[in-house]
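Student: Following is a predicted model, sequence given first.
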Amino acid sequence: MTRHLLRDDDLSPAEQATVLDLAARMKAERFAHRPLAGPRSVAVLFDKQSLRTRISFDAGIAELGGHPLVVDTQVTHFGRGETLADAGRVLSRYVAAIVLRTHGDDRIAEVAAGASVPVINALTDGFHPCQLLADLLTVRERCGGTHGRTLVYVGDAANNMAQSYLLAGATAGMHVRVAGPDGFDPDPEVVARAEKIAAGTGGSVRVLRDPVAAVRDADVLATDTWTSMGQEDDGLDRITPFLPYQVNAELLAHAAPGAIVLHCLPAHRGEEITDEVLDGPASVVFDQAENRLHAQKAVLTYLLEQSA
Ligand code: CP
Ligand code: NVA
């Protein structure tokens, strides 16, 4: 059966742990794993902009012995004049896997419906599961594990990062709290799904409004931009209601001693996070960014093995 990573909950708790173990091994043995030798090709398609995802997949596929085909879809017929399912079906005749950054989750689901090779979500409006694998690898490195640790996300709690923290954090057995202003809560379906996962892993899930209550005793404090790609002209005030959720020294002081700070980057310094915190001792954002490379090599390898 072809396995995809469209949302964080496409990996069971045991599978997520396997992928993170493999990622740690791949990081330690940087160029030793070549499952794409041949080389086999992987299509990496972008409907939206990217720096980290684009370069880390390009480099990672090459490190696995494969041939990356990184394409901006605007210069192709992708999604125009044929169905996305047909595009997925065609690409599956050329490549070993498809990596896609796009808008609605319905778009990537449609590609996967036509594909006979693994499809990996490189960010959609709803989720960012590759980022979460990197984040959890970073938490393991810095906190000695994920189970029982408290992970708090503050900011736009309706966005892809918040929803991925809920699903992937619960899968990793973490106590996940997300907090954002009124009108910026996660999809209730995602919260319910995360609660169900947490019930099986010993984790927990809470959606809060008060940033200070949310951050209290956090082991991991995460945030993200208040304006995600595609939301620039949505007519909402994406500054004023978010100001109490800024990750600054005052808010960080409510976290547990030794807490780490995550940000998927790019960071809007002075908005969702201050320079003081981003460049300070709690910040692990550049390790987190590096871990994209290792985590993506691992999940690509795992899905190819499972789909063989
Ligand atoms: N964190 C992340 O996905 O960065 P890019 O948008 O630069 O790929
Ligand atoms: N929430 C952000 C993440 C960028 C990596 C966005 O979707 O633009």
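Tutor: Thanks, I have it. Ligands and ions are numbered 1, 2, ... in the order given.
Student: and V178, helix, strand or coil?
Tutor: strand (DSSP: H, G, I helix; E, B strand; the rest coil).
Student: How many residues are close by it?
Tutor: By the measure other C-beta atoms under 10 Å, the count of residues near V178 is 30. Using the backbone N, CA and C atoms, a C-beta is placed for each residue, glycine as well.
Student: Same question for H103.
Tutor: H103 has 16 neighbouring residues, counting by other C-beta under 10 Å.
Student: element containing it, please.
Tutor: Under the criterion DSSP states H and E, no helix or strand holds H103.
Student: Ramachandran angles for it?
Tutor: phi -90, psi -100 (degrees, to the nearest 10).
Student: My read is that it contacts T124, right?
Tutor: Yes. Using C-beta atoms under 8 Å, H103 is in contact with T124, at 6.9 Å.
Student: which residue packs closest to A198, ignoring adjacent ones?
Tutor: A170 (4.0 Å; C-beta to C-beta, 6 or more residues apart in numbering).
Student: contacting residues for that neighbour?
Tutor: When contacts are counted by C-beta atoms under 8 Å, 6 or more residues apart in numbering, A170 touches V176, A194, E195, I197, A198, T201, G203, S204, V205.
Student: so what's the first one bridging to?
Tutor: Same thing as V176. Residues in a beta bridge with V176, per DSSP bridges, are L151, V205.
Student: measure it to ligand 1 for me?
Tutor: 19 Å (C-beta to the nearest ligand atom, to the nearest Å).
Student: and the residue nearest to A198, which of the three is it?
Tutor: Under the three-state scheme (three-state DSSP), A170 adopts helix.
Student: what's the pLDDT at it?
Tutor: Looking at A170, its pLDDT is 99.
Student: How much space separates it from C143?
Tutor: As judged by C-beta to C-beta, to the nearest Å, A170 and C143 stand 16 Å apart.
Student: Then D234?
Tutor: 35 Å.
Student: Equivalent analysis for F127, please.
Tutor: 23 Å.
Student: Which one's more surrounded, those two?
Tutor: Using other C-beta under 10 Å, the more surrounded residue of F127 and C143 is F127, with 28 against 19.
Student: how about the more buried one, what does it touch?
Tutor: L6, R7, D8, D105, N121, N160, Q163, S164, L167.
Student: Quick one: classify it as helix, strand or coil.
Tutor: Assignment for F127 (three-state DSSP): coil.
Student: Next: P257.
Tutor: Quick answer, by three-state DSSP: P257 is coil.
Student: residues near it, how many?
Tutor: 7.
Student: what's it sitting at in phi/psi?
Tutor: Geometry field for P257 lists phi and psi as phi -60, psi 140, criterion degrees, to the nearest 10.
Student: how about the strands in the stretch 101-250 of the chain?
Tutor: Secondary structure of the stretch 101-250 of the chain by DSSP state E, counting those that start in this stretch: the strands cover 119-121, 150-154, 175-179, 204-208, 220-223.
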